[in-house]
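1. Model the following, please.
(one chain, ligands or ions: 2)
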Amino acid sequence: MTDSTRPHDPTASAVIALLRDWLPQQRWFAGKGRPLRGVGVVHSLEVVSGDPALHHMLLRVDHGGAPEHYQLLLGVRAGLPDRLTHALIGRLPNGSSLYDGVHDAELTRWLPERFVAADTVGPLAFHRPGAQAPDPEHVGLVIGAEQSNTSIIFGDDVILKLFRRVVPGVNPDLEVSLALAGAGSRRIPAPIAWFDMPFPDADGEPTTLGMLQEYLRTGTDGWELAKTSVRDLYAGQEVRGAGPHAHETGGDFAGESFRLGAATAEVHADLARSLPTTVAGEPELTAIADDMERRLHAAAEAVPELAPFTDRLREAYRDLRTLGRDGHPVPLQRIHGDFHLGQVMRTATRWVLLDFEGEPARPLRERRSLHSPLRDIAAMLRSFDYAARHLLAGGGGFWGRGTPAPHLVRRAEEWATRNREAFCAGYADAGSFDPHSEPVLLRAFETDKAVYEVMYESGNRPSWLPVPMSAIRRLAERAPLPH
Ligand SMILES: Nc1ncnc2c1ncn2[C@@H]1O[C@H](COP(=O)(O)OP(=O)(O)O)[C@@H](O)[C@H]1O
Ligand SMILES: O=P(O)(O)O[C@H]1O[C@H](CO)[C@@H](O[C@H]2O[C@H](CO)[C@@H](O)[C@H](O)[C@H]2O)[C@H](O)[C@H]1O
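-> Ligands and ions are numbered 1, 2, ... in the order given. Sure thing, here's the model as predicted:
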């Protein structure tokens, strides 16, 4: 190894300086928009030496308040080939390149090799309980999806999700996937292996860093499929108000929505069978309503458009408290926690649910706690509303940025209502209850999710803000819930 190819000590201040600039540009970096007060290395290990070299690293990022931790795989090469220039983080003082190592198949083959051997490398422990193993000869390809983590496909058999923001403990995605696989569920990609390490800052708590799963090679995500159906509907609306209804188009999605509702009910039933459950009474429902109210208050402070509606929205939470006082029992269990059309895939034969991590912005304790399955149902109902409206809001630029024509809004509402109804009917058909039998819970959860979405869109995609705002107006009017 010559001096120029020698991997540099990745904790060196030059590396930290480069990472400070690079981190906020990453899709998975949760601290965007907050001042970056400090970046420090809490763990670093050279796992592949030579040129190229690979470093596994855990970074601590301080914004003020509780620090966040991120997992990195950093590559170092004396000369960077063209195919990796998009992954460049910066040049080190000796002229070699520091880059995001997940994009370098020559380096990432290290991961399947470790899984095959069920190895231990320093503090990193690779677990592979079954016989299935990835083939290290398969080239690793980072998927292009907009995601909160980074996933690499090896061949067309397995996909490895590297958790980027790491919190101490078992990741709920792994925990829930293992529980569902144990219950014999066919509604998830089969979990194959995972790796973890003792968390450096939290008494060495075993902390999940990555999970290897079956790759659903015939799958398409629900968001793409639903949008295709909506486009098909809009394509027929050339004559004002005279275009076909959702049920008259070839791309009608209601059959799929019904099947998705049934798949969701099946997963909820398996979760209730394999993980703890309880029943909420008045104190718990009051606490849930109080939390919702706090989130509404915080959102109204941050997003002024919400303020005129808060009093009316609060009524949904008041009704939830009344439900508790009336002694209405509410079963609680583990749920998906961040359910929307982008979290489900339609394979050649069935709907499969992905990503049981919960909303990444919520604390792990909350994400692992028990909730009403109606929270997932309400979240998916919101997603149908999104699919119907996002083109009108300018999300896809289809109708331009002006106010959408009323007949298009009507068609959007029809599509959303039809698919929301079909989803609930499928859930009721396969599950233990009909979601419409719980209108108070459904309204409260839908309101809470729409409030969350207002915050999310105002921070991430301001041109999409009209989508959740239209739901806020509807919910504030206390119009009967479109099923
Ligand atoms: N097992 C899988 N098979 C095929 N594609 C997958 C699989 N898991 C994830 N994907 C694809 O990757 C995307 C992001 O996955 P997800 O688990 O939601 O990641 P994140 O938690 O980082 O958002 C999904 O929307 C899907 O397109
Ligand atoms: O990145 P995650 O999948 O964890 O979820 C976040 O981003 C989602 C958008 O990618 C956001 O979902 C919202 O937009 C979806 C359409 O893009 C829509 O289907 C969802 O119903 C809507 O909530 C999600 O809220 C956010 O947590």
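
2. just checking, Val42 is part of a strand?
-> Yes. Looking at Val42 with DSSP: H, G, I helix; E, B strand; the rest coil, it is inside a strand.

3. what about Ala190, neighbour count?
-> Using other C-beta atoms under 10 Å, Ala190 has 16 neighbouring residues. Every residue, glycine included, has its C-beta placed from N, CA and C.

4. Name the residues of the stretch 51-200 of the chain found near ligand 1, please.
-> Ile143, Ala145, Gln147, Ser148, Asn149, Ser151, Ile159, Lys161, Pro189 (C-beta under 6 Å from any ligand atom).

5. what sits against the fifth one?
-> Taking C-beta atoms under 8 Å, 6 or more residues apart in numbering as the criterion, Asn149 is in contact with Trp28, Lys161, Leu162, Phe163, Arg164, Arg165.

6. change it to 7 Å
-> Trp28, Lys161, Leu162, Phe163, Arg164 (C-beta atoms under 7 Å, 6 or more residues apart in numbering).

7. The helix or strand containing the second one: what's the following helix or strand?
-> Taking DSSP states H and E as the criterion, the element that holds Lys161 is strand 158-162. Following the chain from strand 158-162 toward its C-terminal end, the next helix or strand by DSSP H and E is helix 172-182.

8. Whichever helix or strand comes after that next one pairs with which strands, parallel or anti?
-> Next along the chain after helix 172-182, taking DSSP H and E as the criterion, comes strand 191-198. Sheet pairing of strand 191-198 (DSSP bridges) gives strand 124-127 (antiparallel), strand 206-214 (antiparallel).

9. between the residues of the stretch 51-200 of the chain next to ligand 1, which has the most around it?
-> Highest count within those by other C-beta under 10 Å belongs to Lys161, 26 neighbours.

10. If that residue is in a bridge, with which residues?
-> Beta-bridge partners of Lys161, counted by DSSP bridges, are Ser151, Met211.

11. Output stretch 292-311 as CSV, nothing but the C-alphas.
-> Taking C-alpha atoms only, stretch 292-311 is exported to CSV below (Å, rounded to 0.1, in the frame of the first residue of the first chain):
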residue,chain,number,x,y,z
MET,A,292,-53.2,15.0,19.3
GLU,A,293,-54.2,18.3,20.7
ARG,A,294,-50.6,19.2,21.5
ARG,A,295,-49.5,18.2,17.9
LEU,A,296,-52.3,20.4,16.5
HIS,A,297,-51.2,23.3,18.7
ALA,A,298,-47.6,23.0,17.6
ALA,A,299,-48.6,22.6,13.9
ALA,A,300,-50.9,25.7,14.0
GLU,A,301,-48.0,27.7,15.5
ALA,A,302,-45.7,26.6,12.7
VAL,A,303,-48.1,26.7,9.8
PRO,A,304,-50.4,29.8,9.9
GLU,A,305,-52.8,28.3,7.3
LEU,A,306,-54.0,25.9,9.9
ALA,A,307,-54.9,28.4,12.6
PRO,A,308,-58.5,29.3,11.4
PHE,A,309,-59.5,25.6,11.6
THR,A,310,-58.1,24.6,15.0
ASP,A,311,-61.2,25.1,17.1
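
12. Tell me if that stretch is near ligand 2.
-> No. Stretch 292-311 stays clear of ligand 2 (C-beta under 6 Å from any ligand atom), getting no nearer than 13.0 Å.

13. Can you give me the buried ones in that stretch?
-> Neighbour-count burial for stretch 292-311, counted by 16 or more other C-beta atoms under 10 Å, picks out Met292, Glu293, Arg295, Leu296, Ala299, Ala300, Val303, Leu306, Phe309, Thr310.

14. Val61 is in contact with Glu68, isn't it?
-> Yes. Counting by C-beta atoms under 7 Å, Val61 does reach Glu68; the two are 4.8 Å apart.
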